[in-house]
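Peer 1: dropping a prediction and its sequence here:
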Amino acid sequence: MHRVVSNTTTQPKVLKEFCSMTATDTALKPAIYAATAAAHPGLPTLHGVPWPQGDLQPDGAVAVRTPAGNLRPASMHPLVSWPDGSVRWGLIEFNATEVGCHVVESGSADAPANAVATTVADDSVVLDNGLVRVELANTGPGPIRKLTAAHHDYLTAPEQFRLAVDDASTLNESERSIKVITDSPLRTRVRVEGAHYKTDGSRCLSYRLDVELWAAPKGSNSLSLRLVKPYRPPPWRKVRIRSRRPVRILCG
């Protein structure tokens, strides 16, 4: 059994803390301290939690018991496994709405409101939670083809969203790769990888765009776009060694 702490204040922050122990507690439990705006409808919360060997399988279901005793939906993404294949570290995802200790339990709760649906097609990936819908494109002049939120169209064509470096941009990009990293009714995270191109077709700086959508209640922020630092392969050298004597190679 694991505990998660949630506190409601006016200052947003996430800290790792420990729950207060009761007379029946025999050991400290890992915990999260999540501070949110007052009366928040549901703060998307993530935290890594360790598990004893054999307690939880990679496909095991989890839920969160709130301080009021309510069972709320949660999901778990395995990070590290034990030798027997069980989860050693898992990333717990849930929407925090109450203050105090939350207990992570094995089992499932009711489906979350505005659950995320992920649709993968040949040339697109669509994320939709009923409030926000974003369509990512494998081809065309831009990684985001459409974006709708609260019944309003913010993007209706891929040319309206572009990434640019000097005179190179994604407007001149013909195709890119899209990978679904995490997919659950509570949270879906997708990574788009491509490059900036000039009008003559020459490739410039690469990019990684992470798109994340949560099953967040109405009135809560649920979509995030994060541009990850462009990938640069590490420098390497080819060295021909013609002697069997020990050789020290210094690369600077």
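Peer 2: All right, it came through fine.

Peer 1: please count neighbours and contacts with C-alpha atoms only from this point.
Peer 2: OK.

Peer 1: any idea how far Asp122 is from Asp167?
Peer 2: 30 Å (Cα to Cα, to the nearest Å).

Peer 1: please disregard the earlier target; I meant Asn129.
Peer 2: Counting by Cα to Cα - Asn129 and Asp122 are separated by 21 Å.

Peer 1: and those two? Which one has more around it.
Peer 2: Ranked by neighbour count (other Cα atoms under 10 Å), Asn129 and Asp122 place Asn129 first, with 24 against 8.

Peer 1: isn't the more buried one up against Val116?
Peer 2: Yes. Between Asn129 and Val116 there is a contact at 4.4 Å, judged by Cα atoms under 8 Å.

Peer 1: what do those two both touch?
Peer 2: Counting by Cα atoms under 8 Å, 6 or more residues apart in numbering, the common neighbours of Asn129 and Val116 are 213-215.

Peer 1: what about the chain, any weak spots by pLDDT?
Peer 2: The chain contains residues with pLDDT under 70 at 1-41, 218-221, 229-252.

Peer 1: contacting residues for the most centrally placed residue in it?
Peer 2: Centroid check for the chain by Cα atoms, centre = their mean gives Arg189 as the closest residue, at 4.7 Å. Counting by Cα under 8 Å, 6+ apart, Arg189 touches 180-183, 210-213.

Peer 1: may I ask which two of those are separated the most?
Peer 2: Greatest spacing in the contacts of Arg189, by Cα to Cα: Asp183 and Asp210 (13.3 Å).

Peer 1: sorry, back to before: in terms of distance to Val87, which of the shared contacts of Asn129 and Val116 ranks first?
Peer 2: Nearest to Val87 among those is Trp214, at 23.4 Å by Cα to Cα.

Peer 1: give the contact list for that closest one.
Peer 2: Counting by Cα under 8 Å, 6+ apart, Trp214 has contacts 44, 115-116, 129, 186-188, 222-223.

Peer 1: same thing but at 6 Å, please
Peer 2: Contact analysis of Trp214 by Cα atoms under 6 Å, 6 or more residues apart in numbering lists 186-187, 222.

Peer 1: likewise Leu186?
Peer 2: Contacts of Leu186 by Cα under 6 Å, 6+ apart are 115, 214-215.

Peer 1: let's see 7 Å
Peer 2: When contacts are counted by Cα atoms under 7 Å, 6 or more residues apart in numbering, Leu186 touches 75, 112, 115-116, 214-215.

Peer 1: and for Arg203?
Peer 2: Taking Cα under 7 Å, 6+ apart, we find Arg203 in contact with 195-197.

Peer 1: how about a cut-off of 6 Å?
Peer 2: Tyr197.

Peer 1: for it, give the beta-bridge partners.
Peer 2: Per DSSP bridges, the residues bridged to Arg203 are Tyr197.

Peer 1: run a quick neighbour tally on Asp167.
Peer 2: The number of residues packed near Asp167 is 10, by other Cα under 10 Å.

Peer 1: before we move on, what about Leu91?
Peer 2: Applying other Cα under 10 Å, we find 15 residues neighbouring Leu91.

Peer 1: over to it: give its phi and psi.
Peer 2: Note on Leu91: its backbone torsions stand at phi -90, psi 110 [degrees, to the nearest 10].
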